[in-house]
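J.: I'd like to go over a predicted model; first the sequence, then the structure.
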Amino acid sequence: MSFVPHAPACPGPLTRRRFLEVGALGVGGLGLSDLYRMQAMAATPPAPPSEGGDAVRGATDTAVIFVWLPGGPPHQETYDMKPEAPSDYRGIFHPIHTNVPGLDVCEHLPLHAKVADKYSLIRSVAHTFADHGGGHKRFMTGRDPLQPVDFVNDYPAVPSMATKCRERRNVGVPNYVNIVDGGREGIDVFSFGSAYLGPETHPFAVVGDPSAEKFEIKNLSLAPEMAGKLDDRQRLLAGLDNLRRAVDRNGTMNAIDEFNKRALDLLTGAKARNAFDISQEPAAIRDRYGRHAWGQRAIMARRLVEAGVSWVTVVMENPSPSKPMPKYCVYNWDSHAVNCHLFDDFLFRAPFYDQAITALIEDIYARGLDKKVLLVVTGEFGRTPRINPAIGTQTGVMQPGRDHWPLAMSILISGGGLKTGVVVGSTNAKAEHPKDRPLAPNDLWATVFRHLGIDALDTSFPDHRGRPLPILPYGQPIAELV
């Protein structure tokens, strides 16, 4: 997400042209400064400087990798198969045993079967919002949306709330990063909006396919034409100190000084650039994750949390955005029959998904990150228990599909020091609704906040009217996992 900064009026020895040249460097070469500018305009107190990051990490040295599967993956074709259900419910795939007795997954997720002792499944989360917009908002905010459609949040998304709680944390990398397809980086595309918390809690966006040959992260490093002006900019900014101290009455200028300093630190320091640079990974590791968009996004997420990023959202829609999708497939996980052939679409995306998710799980454990990093993999809801055939828009033939279904869904969770090899809850014989241990998205988020050291029920932020609202209205950490 990028923002258009507003250059303040600046009387004094600098000409307007020179002042704008300083500002242009900030826009062209410092994407992260957009976030710091928003924090400054919100009069957010600057973070205390850290020495290599270690001084401020302490109890906050935890992180979340949130893999978002928009559209809603079919729980019946992934983690909650019902082989004994009627054929128009169970589909054509079969479950396979994993290395954890009693935990079965789809036969087309064979790598999942090998690492089931390193993750757990939640099969009984449900809510009541079946529209994508309403489902996204309900899931991402922990509250019923005021409107059951569209994607603009009435309440802050959980990642923004976590970012707000850690706004004073400064370890040389952004606190919140979103990795997403080109054209999908808008904050409202997936209801990632921050509502009354403001844009200073928005993520730094990594846009595009990291597996592409010419992939680059815009606004992280200096544009070549700006490099020669860096020293000049630092001198100019230093020359404004007396003016700022003279006109500042509420601390805003000090905060603006801080965002410039933090942006320059990120720009000139190696830590952030190295964290985003997946080319530093051994070829064998990149191959294990998969040389495709999902795999390389996952490896970048691991590098980022290892470097100190608090929250990384990895959006997995099209696993191969640089190539045309087969006609029987849909762009994301929205497997209506009019969109795709349910089973052929899953056969296309399952190998990408199986490879990327299991590589990330294995890597988190192999690197000793399994207590620091919590991995959550989910969409906004599941799919209808009964298969609904229709004529496909792209294929022109009758084909199977499943529609939206918020009354049942499956979620994978790994790391975070939580118990693994556990199945929490179950659905009835047709995967229609929870049979036991019914949970809400709020219980998942309470578990996530617990990992981050945030008291979800005793932490509040003022809303647009100034009323204190707790970050979650209800929800408890899932006892079977903690």
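T.: Okay, I see it.
J.: packing partners of the lengthiest helix in the chain?
T.: What stands out as the longest helix in the chain, according to DSSP state H, is helix 342-366. Contact partners of helix 342-366 among helices and strands, from 3 or more CB pairs under 8 Å, 6 or more residues apart in numbering; DSSP states H and E: strand 63-68, helix 110-114, helix 283-289, helix 293-307, strand 373-378, strand 411-415. For glycine as for every other residue, the C-beta is placed from the backbone atoms N, C-alpha and C.
J.: which residues in the stretch 1-150 of the chain form strands?
T.: 63-68, 95-97, 104-106, 120-122 (DSSP state E, counting those that start in this stretch).
J.: output those strands as TSV; include the columns mean pLDDT.
T.: Supplementary listing: those in TSV, determined by pLDDT from 0 to 100:
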stretch	mean pLDDT
strand 63-68	98
strand 95-97	98
strand 104-106	98
strand 120-122	98
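J.: low-confidence regions, this protein specifically.
T.: Scanning the chain for pLDDT under 70 picks out the ranges 1-59, 219-269.
J.: dead centre of it: give me the residue that sits there.
T.: Thr313 (1.5 Å; CA atoms, centre = their mean).
J.: so which helix or strand takes in it?
T.: strand 311-315 (DSSP states H and E).
J.: for that strand, packing partners?
T.: Against strand 311-315 (3+ CB pairs under 8 Å, 6+ apart) you get strand 63-68, helix 158-165, strand 176-180, helix 293-307.
J.: again, 6 Å this time
T.: strand 63-68, strand 176-180, helix 293-307 (3 or more CB pairs under 6 Å, 6 or more residues apart in numbering; DSSP states H and E).
J.: thinking again about what came up before, out of the strands of the stretch 1-150 of the chain, flag the one nearest Gly172.
T.: strand 63-68 (14.4 Å; CB to CB).
J.: partners of the closest one in the sheet?
T.: strand 311-315 (parallel), strand 373-378 (parallel) (DSSP bridges).
J.: may I see the ones you listed arranged in CSV, with distance to His433 as well?
T.: Listed next are the strands paired with strand 63-68 as CSV, based on distance: least, CB to CB, whole Å:
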stretch, distance to His433
strand 311-315, 28
strand 373-378, 17
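J.: between those, which one is nearest to Trp405?
T.: The nearest among the strands paired with strand 63-68, by CB to CB, is strand 373-378 at 14.0 Å.
J.: C-terminal to the closest one, what's the next element?
T.: strand 382-383.
J.: give me the residues contacting that following strand.
T.: Residues from elsewhere that reach strand 382-383 (CB atoms under 6 Å, 6 or more residues apart in numbering): 74-75, 402, 405, 408-409.
J.: could you give the separation of it from the chain centroid?
T.: Its chain's C-alpha centre and that of strand 382-383 lie 20 Å apart, by CA atoms, centre = their mean, to the nearest Å.
J.: partners of that strand, with directions?
T.: The partner list of strand 382-383 in its sheet, established with DSSP bridges, is strand 404-405 (antiparallel).
J.: measure how far the partner strand is from the centre of its chain, please.
T.: 22 Å.
J.: just give the nearest non-adjacent residue to Arg450, would you?
T.: Pro477 (4.5 Å; CB to CB, 6 or more residues apart in numbering).
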